[in-house]
Each structure stands twice: as structure tokens, then as C-alpha cells.
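Student: Using only what follows, build the 3D model:
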Amino acid sequence: MESHTVIVSDGSFPVHEIPLGYLKRAARIVCCDGGAANIVRAGFEPDAIVGDMDSLDSNLARKFKGKIFKDSGQDTNDLTKAVSWCIRNNYKELVIIGATGKREDHTLGNISLLAEYVKEAHTIMVTDTGIFRPLLEGAEIPSFPGQQVSIFALDPNTEITSTGLHYPLKKTRLNNWWVATLNEALGENFTLEFRDGRVIVYLKFADTGTR
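Tutor: Prediction:
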């Protein structure tokens, strides 16, 4: 992903080389207010800090005064505020890090929101173990032989057919989150076919961390 914007949320800050690599190559870094301290501790500087500012250290608030974009609205969380700010500024190649870990309810909520963000921007979420990629229609997905893959449907009536996975799906309805987990790619890519649904694919990194 070229010229990408990294959005840093206030979950567990990554230690794996892949999410940190996205951060190092970022065209810009946008932090939720609670993520700003983690970025500074890691030796980076935010280009923008977005949120209600209830979690921003006062020293950082002074230091980055000209980069703060306050949004006090209570209808969305700070991650959504940061994504919306990026879209308004025409930054539409988005990599989200630091959005998992800590509280499980926040983690589940943040992952599910990917299916909303992808309606307006190319968005992925990168963790210390893999990548969450949202889809609104079928697609061919780059992979590698043996890659661990899990598939989640936010709409249980969505029928999904796969090619290139060890356990094939054939017009399968994912009426529970576990149904299409722990699958495995057979080659350099696999294909999911579906219509009118919101699907999130999890792609685990290779154990060596080099992929």
C-alpha cells in the first residue's frame, strides 16, 4: 500500500515488524488522542491528533497544539473520528494499528467497524499477528501456501463460496463467528465469491514474521 496513512488507536501498541514497518513507511500518522503518547514513546511524531481529547496528556496537548483536531461528538468512538477526519482530507489508503488488545469489547467493536470504513476508503487493520481486511464483494486475496485464514460475515445470510482454501466454502452461510475460522490457503492467492454482504478476512502472518 503506497502513500498510506497510519491511524494509531489507543489499544496495545504493536511490537511486530510488519505493523511497525507500515508505521515507518507512512506518508502521515494520525493518532486517536489516546494513541499519541504511544507514538511519541516509540520515537515517532503525529501529523494529526483526532478525538475528544479526554485521553491526551496535557504536555502533549501543548507540544502538538497546532496538530489537534477536537471532535467532542459522542455518537462515534475516537477511531471512527480519526478515520472520518482522514476521509474528509482525502486520505483514503488507511492502515489502522493499535486497535486491538486491552479491552475485548473495544477490540470486537473496532474490527467490526472496518466494514463501515471500507465503504469510503481502502482500509486494513494490522496487528501483531496478522491483518484484518474488510470486503463488500467477492475478491481474489493474495496469500501464501499454508497461511492461516479466518472469515467472518457481519450479515449471517451472506452466502460465501471459496476457491484455494483447504476447507472450501460452498454457498456457506456464516451464521456464527466460528464457522469459517482456522482455514488455510493452498497457494499464492484464494478467492471468495459473495454478493450483498459485509465480510472481514483475517490473514495470519507467517511464523517467521517475514511476510
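Student: Contact partners for Val179?
Tutor: Thr172 (Cβ atoms under 8 Å, 6 or more residues apart in numbering). Any C-beta I mention is one placed from the backbone N, CA and C, and that applies to glycine too.
Student: what's the helix or strand for the residue with the largest distance to the centre of the chain?
Tutor: Of all residues in the chain, Arg62 has its C-alpha farthest from the mean position, at 29.3 Å, by Cα atoms, centre = their mean. Here Arg62 sits within helix 58-63, counting by DSSP states H and E.
Student: which neighbours does the helix or strand following that helix have in its sheet, and in what orientation?
Tutor: Once the chain leaves helix 58-63, the next helix or strand it forms, by DSSP H and E, is strand 68-70. Strand 68-70 pairs in its sheet with strand 48-51 (parallel), by DSSP bridges.
Student: Distance of the residue farthest from the centre of the chain relative to Asn183?
Tutor: Here Arg62 is placed at a distance of 49 Å from Asn183 (Cβ to Cβ, to the nearest Å).
Student: Let me see the domain layout of this structure.
Tutor: Per automatic domain parsing, the structural domains of the chain span 5-128, 134-204.
Student: avg pLDDT for the last one?
Tutor: Same thing as domain 134-204. Here domain 134-204 scores 96 as its mean pLDDT.
Student: what do you get for the longest one?
Tutor: Confidence over domain 5-128, taken as the mean pLDDT, stands at 92.
Student: picking up where we left off before, which residues does the residue farthest from the centre of the chain contact?
Tutor: Neighbouring residues of Arg62 by Cβ under 8 Å, 6+ apart: there are none.
Student: Give me the contacts around stretch 119-134.
Tutor: With Cβ under 8 Å, 6+ apart, stretch 119-134 has contacts from 1, 12, 14-16, 18-19, 22, 83, 86-87, 91-97, 99-101, 110-111, 114-115, 117-118, 136, 141, 148, 198-205.
Student: Could you tell me which residues within that stretch count as buried?
Tutor: The neighbour-count check on stretch 119-134 (16 or more other Cβ atoms under 10 Å) flags 121, 123-134 as buried.
Student: TSV please, covering those residues and showing secondary structure and distance to Val179.
Tutor: What follows is the buried residues of stretch 119-134, written out as TSV (DSSP: H, G, I helix; E, B strand; the rest coil; distance: Cβ to Cβ, whole Å):
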residue	secondary structure	distance to Val179
Ala121	coil	28
Thr123	strand	24
Ile124	strand	23
Met125	strand	21
Val126	strand	24
Thr127	coil	22
Asp128	coil	25
Thr129	coil	20
Gly130	strand	19
Ile131	strand	20
Phe132	strand	17
Arg133	strand	18
Pro134	strand	18
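Student: Check what contacts the longest helix seen in the chain and list those residues.
Tutor: Taking DSSP state H as the criterion, the chain has its longest helix at helix 104-117. Contacts made with helix 104-117 from outside it, assessed by Cβ under 8 Å, 6+ apart, are listed as 9, 11, 77, 79-80, 83, 94, 96, 99-101, 123-125, 132-134, 136, 154, 198-200.
Student: chain center to it, what's the gap?
Tutor: 8 Å (Cα atoms, centre = their mean, to the nearest Å).
Student: Alright, I will stop here.
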